[in-house]
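Q: next input, structure requested:
(one chain, ligands or ions: 1)
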Amino acid sequence: MLPTFRCADSASLGDIPSIPPLEDGACSIPTLDVGFLRRSLLAWYAQQGRSLPWRETRDPYAIWISEVMLQQTQVKTVIPYYHRWLEQFPTVTALAQADQQQVLKVWQGLGYYARARRLHQAAQQLLERHQGQFPSSFDAVMALAGIGQTTAGGILSAAFNLPYPILDGNVKRVLARLCAIQEPPNRRLKQLWQVSSEVLDTQHPRDFNQALMDLGATVCTPKQPQCDRCPWQSVCQAYARNLQTQLPMSEPRNPIPHKQIGVAVIWNEQGQILIDRRRPEGLLGGMWEFPGGKIEPGETVEACIQREIQEELAIDIAVGDRLIVIDHAYSHFRVTLNVHHCSHLNGDPQPLECDEIRWVRPDELEQYPFPKANVQIIEAILATAIPARS
Ligand code: SF4
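A: The predicted model follows:
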């Protein structure tokens, strides 16, 4: 369904509209001059827009990959991953036919690994349903794994120049300020989608959406918006009321839970280390890791590691020296990994709480996809343990 458009398009760029009276939380875009909003933003974008690799292509596959990578990650982090991904999987078919472990390995370090698993799944859907071609129908795009309304709008506008709105984090912030919405944006999503539809330049949806994202990323930034550089300053409701640093309002946050984890680097007599692959679901699903688990109240790190390894792998180990302690923050919790060298004593390891286990040499560890925090464990093993054990 195409977005509705019901605002007048009458002002020239030099014809600055006045700010209409506004009640708290009201959204006044229908009374603003969207013609001014469009022309001023596109003129700014022509001068100030960022040069980004995915803007140099019209290939919907490449644009889709960039959109998904950008969902939770900053542009400067995404760029090298984007290039590596397209070298490794240059087409939908190449991605669909790849092994999931290969896909997770290329994604390693970007976090939110469900995104990589869903890209892989959606590539297989594209092969089955569309002969490997990316569709230009909104409903067909929305039916693919891992694609929501803003990702669909981003792909369809950037790849096919179709007039679909977007509402990512940057755009929510800009529009919430433009309209001086005095509630957290996620409580006003319907209105924000409506505003994004109304301001969208239906003649230039590709450039307009890209411009809106750039405005949020470079000018209307979260902490210190640079309103003196903003093409919308003259009509911005937040600026007019000096609310630009107070908006958008944030949701009240609960304290972030902090988990203490005991982790085992288990060696056998052949100098190999035991690693396990997590079950496919969840935050780190399908990734490899060193076994371990949460330290219970009153439990020592050593006792925790012994218990967890018995429960997860049904083997006896001796817990030895501490290798490293790592603090790592995820979006909704923090962990401290207390990592110890361990020696295998008895029993054949069983994958009781994981998908697969393997004994590997230290120099083979880098072949497997590991979460970021575990990569530090590998570095510590390679830096300290090998010389001591060789
Ligand atoms: S004037 Fe300031 S607050 Fe308003 S949209 Fe521009 S940068 Fe954001």
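Q: what is the burial count for residue 80?
A: Number of residues near residue 80 (other CB atoms under 10 Å) recorded here: 10. Glycine gets a C-beta too; all of them are placed from N, C-alpha and C.
Q: which helices and strands sit right next to the helix or strand harbouring residue 310?
A: Secondary structure assigned from DSSP states H and E places residue 310 in helix 301-313. Applying 3 or more CB pairs under 8 Å, 6 or more residues apart in numbering; DSSP states H and E, one finds that helix 301-313 contacts strand 258-267, strand 273-277, strand 292-294, strand 316-329, strand 334-346.
Q: if we go to 7 Å?
A: strand 258-267, strand 292-294, strand 316-329, strand 334-346 (3 or more CB pairs under 7 Å, 6 or more residues apart in numbering; DSSP states H and E).
Q: now do the contacts for the closest residue to residue 346 other than its chain neighbours.
A: With sequence-adjacent residues excluded and distances taken as CB to CB, 6 or more residues apart in numbering, residue 346 is closest to residue 316, at 4.3 Å. Going by CB atoms under 7 Å, 6 or more residues apart in numbering, residue 316 touches 345, 346, 347.
Q: 10 Å - rerun?
A: 306, 309, 310, 343, 344, 345, 346, 347 (CB atoms under 10 Å, 6 or more residues apart in numbering).
Q: what segments of the stretch 1-150 of the chain are helices?
A: 34-48, 60-69, 75-88, 92-97, 100-107, 114-130, 138-142, 149-160 (DSSP state H, counting those that start in this stretch).
Q: possible to save the ones you listed as a markdown table with distance to the ligand?
A: Output for the helices of the stretch 1-150 of the chain, formatted as a markdown table (distance: least, CB to the nearest ligand atom, whole Å):
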| stretch | distance to the ligand |
| --- | --- |
| helix 34-48 | 10 |
| helix 60-69 | 23 |
| helix 75-88 | 18 |
| helix 92-97 | 37 |
| helix 100-107 | 33 |
| helix 114-130 | 29 |
| helix 138-142 | 28 |
| helix 149-160 | 19 |
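Q: among those helices, which comes closest to residue 331?
A: helix 114-130 (12.3 Å; CB to CB).
Q: now residue 208: how far from residue 136?
A: Noted for residue 208: a distance of 18 Å to residue 136, by CB to CB, to the nearest Å.
Q: out of the contacts of residue 316, flag the one nearest to residue 116.
A: Comparing the contacts of residue 316 against residue 116 with CB to CB places residue 309 closest, at 28.3 Å.
Q: wait, the closest one sits on residue 350?
A: No - contact between residue 309 and residue 350 fails when scored by CB atoms under 10 Å: they sit 11.0 Å apart.
Q: which of the two has more neighbours?
A: Between residue 309 and residue 350, counted using other CB under 10 Å, the more crowded position is residue 309 (25 against 12).
Q: contacting residues around the more buried one?
A: 262, 264, 266, 274, 291-293, 315-317, 319, 342, 344, 347, 349.
Q: farthest pair within those?
A: Among those, 262 and 347 lie farthest apart (CB to CB), at 18.7 Å.
Q: who's more crowded, those two?
A: Set residue 262 next to residue 347 and count neighbours by other CB under 10 Å: residue 262 wins out with 26 against 13.
Q: so the nearest residue to the more buried one once chain neighbours are set aside versus residue 93, what's the distance?
A: Leaving out its chain neighbours, the residue that sits closest to residue 262 by CB to CB, 6+ apart is residue 304, at 3.7 Å. From residue 304 across to residue 93, the span is 46 Å (CB to CB).
Q: do the same with residue 203
A: Remark: distance between residue 203 and residue 93 (CB to CB) = 34 Å.
Q: quick one: low-confidence ranges for the stretch 251-390 of the chain?
A: By pLDDT under 70, the weakly predicted segments of the stretch 251-390 of the chain are 385-390.
Q: kindly report the residues of it close to the ligand.
A: By CB under 6 Å from any ligand atom, no residue of the stretch 251-390 of the chain approaches the ligand.
Q: for the ligand, give me its nearest residue in the stretch 251-390 of the chain.
A: Nearest residue of the stretch 251-390 of the chain to the ligand: residue 251, at 19.7 Å (CB to the nearest ligand atom).
Q: can you tell me the element residue 212 falls in?
A: Using DSSP H and E, residue 212 sits in helix 205-214.
Q: what average pLDDT does that helix get?
A: In this model, helix 205-214 carries a mean pLDDT of 98.
Q: send the alpha carbons of it over as CSV?
A: Extracted C-alpha coordinates of helix 205-214, given in CSV (Å, rounded to 0.1, in the frame of the first residue of the first chain):
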residue,chain,number,x,y,z
PRO,A,205,11.8,9.0,-2.4
ARG,A,206,15.3,7.5,-2.7
ASP,A,207,17.1,10.8,-2.1
PHE,A,208,14.5,12.0,0.4
ASN,A,209,14.8,9.0,2.7
GLN,A,210,18.5,9.0,2.5
ALA,A,211,18.6,12.7,3.3
LEU,A,212,16.3,12.2,6.3
MET,A,213,18.6,9.5,7.7
ASP,A,214,21.7,11.7,7.1
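Q: helices or strands next to it in the packing?
A: helix 34-48, helix 149-160, helix 169-178, helix 189-199 (3 or more CB pairs under 10 Å, 6 or more residues apart in numbering; DSSP states H and E).
Q: close to the ligand, is that helix?
A: No - Helix 205-214 stays clear of the ligand (CB under 6 Å from any ligand atom), getting no nearer than 10.3 Å.
Q: quick check: angle from that helix to helix 189-199?
A: 130 degrees (axes from the mean of the first three to the mean of the last three CA atoms, to 10 degrees).
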